[in-house]
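>>> what's the 3D shape of this:
(2 chains)
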2 protein chains.
Amino acid sequence: MARIVMKFGGTSMAGIERIRNVAQRVKREVDAGNEVAVVVSAMAGETDRLVGFCREAAALHDTAEYDVVVASGEQVTSGLLAITLQAIGVPARSWLGWQLPIRTSDAHSTARIGDIDTTAVLADMATGRVAVVPGFQGVADDGRVTTLGRGGSDTSAVAVAAALKADRCDIYTDVDGVYTTDPRIVPKAKKLQSVTFEEMLELASVGAKVLQTRSVELAMKEKVKVQVLSSFTDAPGTFVVDEEEGVEQELITGIAYNRNEAQVTVTGVPDTPGVVAHIFEPLSAANINVDMIVQNVARESGRTDVTFTVPRTELARAMDELTKAKDAIGYGALEAVDNVCKVSVVGVGMKSHAGVALTMFKALGDRGINIKAITTSEIKISVLIAEEYTELAVRVLHTAYGLDDTSEPAGAAA
Amino acid sequence: MARIVMKFGGTSMAGIERIRNVAQRVKREVDAGNEVAVVVSAMAGETDRLVGFCREAAALHDTAEYDVVVASGEQVTSGLLAITLQAIGVPARSWLGWQLPIRTSDAHSTARIGDIDTTAVLADMATGRVAVVPGFQGVADDGRVTTLGRGGSDTSAVAVAAALKADRCDIYTDVDGVYTTDPRIVPKAKKLQSVTFEEMLELASVGAKVLQTRSVELAMKEKVKVQVLSSFTDAPGTFVVDEEEGVEQELITGIAYNRNEAQVTVTGVPDTPGVVAHIFEPLSAANINVDMIVQNVARESGRTDVTFTVPRTELARAMDELTKAKDAIGYGALEAVDNVCKVSVVGVGMKSHAGVALTMFKALGDRGINIKAITTSEIKISVLIAEEYTELAVRVLHTAYGLDDTSEPAGAAA
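Here you go, the predicted model:
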């Protein structure tokens, strides 16, 4: 007998028919003799509807009350799944965030999970009942409802799995695993049997949004064995594992891209110590994340240009802040480009291999794709390119690193 | 300074625009120096939507989980009203049923309110914050969510008012008070300045559904001063008061009607002691409420007929139960009529006046309306008539008891 946490996202919970499908999957694990806790998201679209109400009520709203409103989406699906499980003969009950309780910080709308009390729920599960836990929600020390931020149900699932000392945390989504790249761009993309936590983090941070970043960090810290799989097929999923777990180390695991970037260039900046800090101070104060940064070599004039990227949704605010700080920084001009894309190659294997970057630059250069900026980490190389080259770059790199699926398409054999 | 509980129904909370209107009404009471707690219903239609989900999930569902699902509707509106109040400068916070807590019995989906702990909420209100409390919900001793049954938010409001020792409980609805009868049938119906609790109960039980019956019973027991008024106009409402409070006692307060009745006649019943009990035993066992009962004088054959009414929705089940019990009762035949209507005249004044019933029977007889059954209480006389005469009977009685509004229509004067 294993203890399993199963997590179902909003698409899997969208309507009673789909919830019945979820119940059948849970029943299968119960029938196999497993102890099961299920973590559920709100029905697809419901959280947006509730967030919309809050925004309509007041652009700037009390996040404590926002949490009261939006936490209701998962409350509804947890009750409905318990009813649906009972209807097919699987004993079940819901455990709301404040009932377990799932204690969190009091940072409303972006709370962090602290302690989860599992005494009562474990005793109940021991009687053969499935525990249904709404994701995304918790309770602060002052007894008020909290939520974890969008996508937080993945984090709830991993935290519940860690607290229950579960053997496995299965995250059911509308994709059936983690692919070497976006199959909509590269039909020959392969599903990965496993990725390391670190790779998953880098893939997520550059746009492959299969799991919420915080859930992966938590799984890595708590050593929770995570599996990503589809609620709509029976295909095996992708395991997210520790690097030590003897995963076959490919040089490159996947190619990711992120179109949500915009590029800002500040020209004619005095090349004096500390001036770059002057550029980023107002952005930091305005809570705008700056990503790739390139500083050109100073011209003879003693002035230089600084280029960096910000999230595209923050571009207007970033330009605004920099315009206000023009005198303090003493730059010449501001330029903004919002049709850029960040493309990244990710893989733990590159730690021990030289030449990975060269392959990337060569493959892109051969197709005439200009690189505007570069950043690297231990297991990732990212380049900024013009957005119109996104698909071409992803395909070229997928082939260059030997990731194309060369097996027969499913169903092609007689 | 007074302490006031304001309660807003689903129509008043249907969408952010209407919630803003509610917030303005709350602000007016706060600006007048009052301490205010607000009890809110779910948005109109929302509870139906949630109940629909539960029914779709399983026809017979665990009421504990049903409560988890349906309680979310009021959770959402309480958070949204708090946000909307804050947006117009009125400090406010929501207090969910389990946060106050509002302790109830564990009869899920039809729980009864027990104790309400007001320590924390009173301390918070003393700082100048408005308390926003979701109606309809509470928490059982085992820490699980409960609900009070449909329309339960009125009861929540009265219970909160009693616990807070409020000076007044204002129930805002989509009508602007209690009328002498249904204004859709009698355009000359008058709005009542006040009715007694007993009259309100009788009016409610015969179809004038302005307040939930249990809320009136509770207000009577706890001596809560209730006012019914409209959230959409500024017209004065109707006060629901104790009989002792020196209300000017009209002979008749109002005319009510109820089309949800069906009539069953059991013919050829042996006229022996205890036989009537044999008829009602199977109905009672099946939880079917029997209302008006008429037993004819026995015929020479030693047999008699018994006529009674049941809720129209229960007619099929009632006929079923009686058919199964035919041998045990030993009756001749069963007859069912579902196009009947119960019309009632209500008024505390009739206690001390003779001739009230005579006026009724005469007024109906003059129009050729046949009376099929009669029941009376201290402050009510009800008759069963053919449904097609409903409007005529209500109009005739409204005039016969001098209830017609004889003042000039509003706006008619120059």
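>>> please make it C-alpha for all contacts and neighbour counts, starting now.
Fine.
>>> contacts for stretch A:155-164 next, please.
A:4-7, A:38-39, A:113, A:116-118, A:122, A:135-137, A:167-169, A:171, A:212, A:214-216, A:218-219, A:222-224, A:226 (Cα atoms under 8 Å, 6 or more residues apart in numbering or on different chains).
>>> could you flag which of the residues you listed are buried?
Using 16 or more other Cα atoms under 10 Å in any protein chain shown as the burial test, those include A:4-7, A:38-39, A:113, A:116-117, A:122, A:135-137, A:167-169, A:171, A:212, A:214-216, A:218-219, A:223-224, A:226 as buried.
>>> out of those, who's near chain B?
The subset of the buried ones among the contacts of stretch A:155-164 lying close to chain B, counting by Cα under 8 Å from any Cα of the partner chain, is empty.
>>> please narrow the residues you listed to those residing in helices.
Members of these lying in helices (criterion: DSSP state H): A:Leu122, A:Arg214, A:Ser215, A:Val216, A:Leu218, A:Ala219.
>>> which of these sits closest to chain B?
Nearest to chain B out of these is A:Leu122 (Cα to the nearest Cα; 16.4 Å).
>>> so who does the closest one touch?
Residues counted as contacts of A:Leu122 (Cα under 8 Å, 6+ apart) are A:Leu164.
>>> pLDDT score assigned to it?
A:Leu122 carries a pLDDT score of 97 in this model.
>>> for chain B, give me its nearest residue in the stretch 101-250 of chain A.
Closest contact between the stretch 101-250 of chain A and chain B, by Cα to the nearest Cα, is at A:Gly143 (7.2 Å).
>>> what's the neighbour count on that residue?
Taking other Cα atoms under 10 Å in any protein chain shown as the criterion, the count of residues near A:Gly143 is 14.
>>> could you do the one 3 residues further on as well?
Other residues near A:Thr146 come to 33 when the count uses other Cα under 10 Å.
>>> so it sits in a helix?
No: counting by DSSP: H, G, I helix; E, B strand; the rest coil, A:Thr146 is not part of a helix but strand.
>>> thinking again about what came up before, among the ones in helices among the buried ones among the contacts of stretch A:155-164, which one sits closest to A:Ala64?
The nearest member of these to A:Ala64, counting by Cα to Cα, is A:Arg214 at 21.2 Å.
>>> those residues of chain A touching chain B, which are they?
When proximity is defined as Cα under 8 Å from any Cα, chain A approaches chain B at A:16, A:20, A:53-54, A:56-58, A:61-62, A:65-66, A:68-70, A:72-73, A:75-80, A:82-84, A:87, A:93-94, A:99, A:143-144.
>>> flag every buried residue along stretch A:84-100.
Neighbour-count burial for stretch A:84-100, with 16+ other Cα under 10 Å as criterion, is recorded at A:84-87, A:90-100.
>>> hmm, I typed the wrong one, I wanted stretch A:390-409.
A:Thr390, A:Ala393, A:Val394, A:Arg395, A:Val396, A:Leu397, A:His398, A:Tyr401, A:Leu403, A:Asp404, A:Asp405.
>>> now those residues as TSV including secondary structure, distance to B:Ser230 and pLDDT?
Shown next, in TSV, are the buried residues of stretch A:390-409 (DSSP: H, G, I helix; E, B strand; the rest coil; distance: Cα to Cα, whole Å; pLDDT from 0 to 100):
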residue	secondary structure	distance to B:Ser230	pLDDT
A:Thr390	helix	59	95
A:Ala393	helix	64	96
A:Val394	helix	62	96
A:Arg395	helix	65	96
A:Val396	helix	68	96
A:Leu397	helix	67	96
A:His398	helix	66	95
A:Tyr401	coil	71	94
A:Leu403	coil	68	93
A:Asp404	coil	68	93
A:Asp405	coil	68	90
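>>> just the closest of the buried residues of stretch A:84-100 to B:Val340, please.
Here the nearest of the buried residues of stretch A:84-100 to B:Val340, counting by Cα to Cα, is A:Ala87; it sits at 39.2 Å.
>>> excluding its backbone neighbours, what's nearest the closest one?
Closest residue in space to A:Ala87, ignoring its immediate chain neighbours: B:Ala58 at 6.1 Å, by Cα to Cα, 6 or more residues apart in numbering or on different chains.
>>> so what's the backbone phi/psi at that neighbour?
Taking degrees, to the nearest 10, you get phi -170, psi 130 for the backbone angles of B:Ala58.
>>> quick check, it in contact with A:Leu85.
No: B:Ala58 is beyond contact range of A:Leu85, at 9.6 Å (criterion: Cα atoms under 8 Å).
>>> secondary structure element holding A:Gly52?
helix A:46-57 (DSSP states H and E).
>>> average pLDDT for that helix?
For helix A:46-57, mean pLDDT rounds to 97.
>>> other residues contacting the next helix or strand after that helix?
Sequence order places helix A:63-70 as the next helix or strand after helix A:46-57, per DSSP H and E. Residues external to helix A:63-70 that are found in contact with it (Cα under 8 Å, 6+ apart): A:47, A:50-51, A:54, A:108-109, A:144-147, B:75-80, B:82-83, B:93-94.
>>> helix A:63-70 to helix A:46-57, inter-axis angle?
If you take axes from the mean of the first three to the mean of the last three Cα atoms, to 10 degrees, helix A:63-70 sits at 140 degrees to helix A:46-57.
>>> how far does helix A:63-70 sit from the chain's center?
Put simply, helix A:63-70 sits 23 Å off its chain's centre (Cα atoms, centre = their mean, to the nearest Å).
>>> with stretch A:337-347 instead?
Mean-position distance between stretch A:337-347 and its chain equals 16 Å (Cα atoms, centre = their mean).
>>> report the buried residues of it.
Using 16+ other Cα under 10 Å as the test for burial, stretch A:337-347 gives A:Asp338, A:Val340, A:Cys341, A:Lys342, A:Val343, A:Ser344, A:Val345, A:Val346, A:Gly347.
>>> could I get the residues you listed as TSV with secondary structure?
Below are these laid out as TSV (three-state DSSP):
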residue	secondary structure
A:Asp338	coil
A:Val340	strand
A:Cys341	strand
A:Lys342	strand
A:Val343	strand
A:Ser344	strand
A:Val345	strand
A:Val346	strand
A:Gly347	coil
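>>> can I get stretch A:135-149 in PDB? Just the C-alpha atoms.
Coordinates of the C-alpha atoms in stretch A:135-149 are reproduced here as PDB (Å, rounded to 0.1, in the frame of the first residue of the first chain):
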ATOM      1  CA  GLY A 135      -5.800  23.800  -3.300                       C
ATOM      2  CA  PHE A 136      -4.700  27.400  -3.300                       C
ATOM      3  CA  GLN A 137      -6.100  28.200   0.200                       C
ATOM      4  CA  GLY A 138      -4.900  28.200   3.800                       C
ATOM      5  CA  VAL A 139      -5.400  30.100   7.100                       C
ATOM      6  CA  ALA A 140      -3.200  32.700   8.800                       C
ATOM      7  CA  ASP A 141      -2.400  32.700  12.500                       C
ATOM      8  CA  ASP A 142      -5.200  35.300  13.100                       C
ATOM      9  CA  GLY A 143      -7.700  32.800  11.700                       C
ATOM     10  CA  ARG A 144      -8.300  34.600   8.400                       C
ATOM     11  CA  VAL A 145      -8.500  32.900   5.000                       C
ATOM     12  CA  THR A 146      -5.400  33.200   2.800                       C
ATOM     13  CA  THR A 147      -4.500  32.100  -0.700                       C
ATOM     14  CA  LEU A 148      -1.200  31.300  -2.300                       C
ATOM     15  CA  GLY A 149      -1.200  33.200  -5.500                       C
END
